[in-house]
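>>> Make a model of this:
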Amino acid sequence: MNKITYEIRRYEDEDAAAWDAFLPQTVNGTFLQSRRFLSYHPAGRFRDCSLMIYDAKGNLAALCPGADQMMDGRRVFVSHPGSTFGGILVAPKHYKAAKVLAMLDALEAWWRAEGFAAVDLRITPSLFSKQGEDLLDYVLFHHHYKESVELSTYIDYDEFREPVEANFSQGKRTDFHNGQKIGMYGRPLRLPEELDDFYDVLCESLSKYGVQPVHSYEELLDFAQVRLTKECGFYGVFLPQEMGERMVAGAMMFYFSEVHLAHTQYLAAVNDYRRYSPMTFLCTYLIDTMRQRGFQNFLSASVRKSAGECSTKD
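Here you go, the predicted model:
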């Protein structure tokens with residue numbers, strides 16, 4: 001039997017079109033690993049070290065977005081610090097145990113030769129994959145990666161009753177109905193000034209934790225109007241006109257249409273209006289809106305699944 005071999009080539013800027021054309025063909029790639037998305041980061045934020053994996057016939061078989069980072073004094077390949085997750089993104093033809101094992105062997109040989117001390121792969125969670133992650137999980141376990149999984153909380157609409165609030169606790173139902181009584185309402189945000197208002201709400205909401213949003217206002221505007229026009233959306237919850245019609249809560253949503261999943265990227269509410277429970281109203285509105293848009297699942301918590309760190313030293 002011929003040995004399965006793969007060649008690792010470093011991604012270059014001129015490969016962007018080939019990368020983005022191949023990505024949708026993989027079993028576990030999403031727009032979050034596209035060059036279209038990753039290129040929003042300004043030059044110098046990361047030392048990109050993305051890899052393209054070719055089979056023995058010279059055909060592209062997989063991608064591995066990544067960056068070269070120093071962590072605790074060691075040089076680490078991280079996939080990918082500029083996205084929620086990354087890892088190895090494999091074409092269906094190559095998503096077989098023997099092939100993925102050979103692929104990881106080739107990658108680890110490349111990482112060792114390039115002088116990396118360790119690898120941190122943050123692989124695509126199963127909810128975002130066209131096929132399950134069991135095979136990739138097995139291969140990484142076989143190679144002694146330490147798994148670290150963050151909590152993911154999601155709604156399967158097949159298990160959800162009508163109306164949306166009927167699935168909540170009595171206290172949350174009361175909060176939502178109180179919002180309805182005062183005329184609170186939600187709607188999509190489309191104008192630049194509406195996104196500016198949303199960004200102010202987001203900054204104010206995060207201020208109590210002493211942190212700033214990961215993305216700038218300019219980046220969010222770029223997502224909405226240029227880069228991710230089909231993959232993201234913004235929504236606001238407002239007080240009625242007689243109460244000033246102020247935005248009191250808002251959200252940024254990512255749409256993963258190929259797997260029928262809607263994911264909350266940002267949720268924020270104005271601290272001074274907590275007595276009206278705007279966050280409860282926002283979540284109820286979003287859950288109902290995403291269901292009406294035809295999504296199967298609604299993900300509202302952390303999604304990062306890490307294969308953990310594996311030393312590349314012999």
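>>> Let me see the backbone angles for the residue most central in space within the chain.
Centroid-nearest residue in the chain: T84, 4.1 Å away (criterion: Cα atoms, centre = their mean). Main-chain torsions, T84, degrees, to the nearest 10: phi -60, psi -40.
>>> Surely R187 is within a helix?
No - under DSSP: H, G, I helix; E, B strand; the rest coil, R187 falls outside any helix and is assigned strand.
>>> Spatially nearest residue to it (excluding sequence neighbours)?
G236 (6.5 Å; Cβ to Cβ, 6 or more residues apart in numbering). (C-beta placed from N, C-alpha, C; glycine too.)
>>> residues touching that neighbour, list them.
Contacts for G236 (Cβ atoms under 8 Å, 6 or more residues apart in numbering) come out as 186-189, 194, 197-198, 201, 247, 249-251.
>>> pLDDT value on it, please?
In this model, G236 is scored at 98, pLDDT.
>>> Provide a list of residue ranges in the stretch 51-200 of the chain with pLDDT below threshold.
Scanning the stretch 51-200 of the chain for pLDDT under 70 picks out 149-152.
>>> Quick one: the helices in it, in order.
Secondary structure of the stretch 51-200 of the chain, counting by DSSP state H, counting those that start in this stretch: helices at 97-113, 134-142, 170-182, 192-207.
>>> sorry, back to before: quick check, the residue nearest to the centre of the chain in contact with L32.
Yes - between T84 and L32 a contact is recorded at 5.6 Å, counting by Cβ atoms under 8 Å.
>>> Switch the helices of the stretch 51-200 of the chain over to a markdown table; also include mean neighbour count and distance to Y276.
What follows is these, written out as a markdown table (neighbours: other Cβ atoms under 10 Å; distance: least, Cβ to Cβ, whole Å):
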| stretch | mean neighbour count | distance to Y276 |
| --- | --- | --- |
| helix 97-113 | 18 | 51 |
| helix 134-142 | 17 | 44 |
| helix 170-182 | 15 | 6 |
| helix 192-207 | 17 | 14 |
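>>> do you know which of the ones you listed lies nearest F281?
F281 lies closest, by Cβ to Cβ, to one member of the helices of the stretch 51-200 of the chain: helix 170-182, at 4.0 Å.
>>> now the contacts of G236 in a markdown table, with distance to Y138?
What follows is those, written out as a markdown table (distance: Cβ to Cβ, whole Å):
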| residue | distance to Y138 |
| --- | --- |
| G186 | 43 |
| R187 | 45 |
| P188 | 42 |
| L189 | 43 |
| E194 | 46 |
| D197 | 47 |
| F198 | 42 |
| V201 | 43 |
| M247 | 47 |
| A249 | 42 |
| G250 | 41 |
| A251 | 36 |
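>>> between those, which is nearest S216?
Relative to S216, the closest of these is F198; by Cβ to Cβ it sits at 12.9 Å.
>>> right, and that closest one touches V248 too?
No - F198 is not in contact with V248 according to Cβ under 8 Å; the separation is 11.1 Å.
>>> does H41 count as helix, strand or coil?
Taking three-state DSSP, the label given to H41 is coil.
>>> I meant to write V237 there.
Of the three states, V237 takes strand according to three-state DSSP.
>>> give the contact list for it.
184-186, 247-250, 269, 278, 281-282, 285 are the contacts of V237 under Cβ under 8 Å, 6+ apart.
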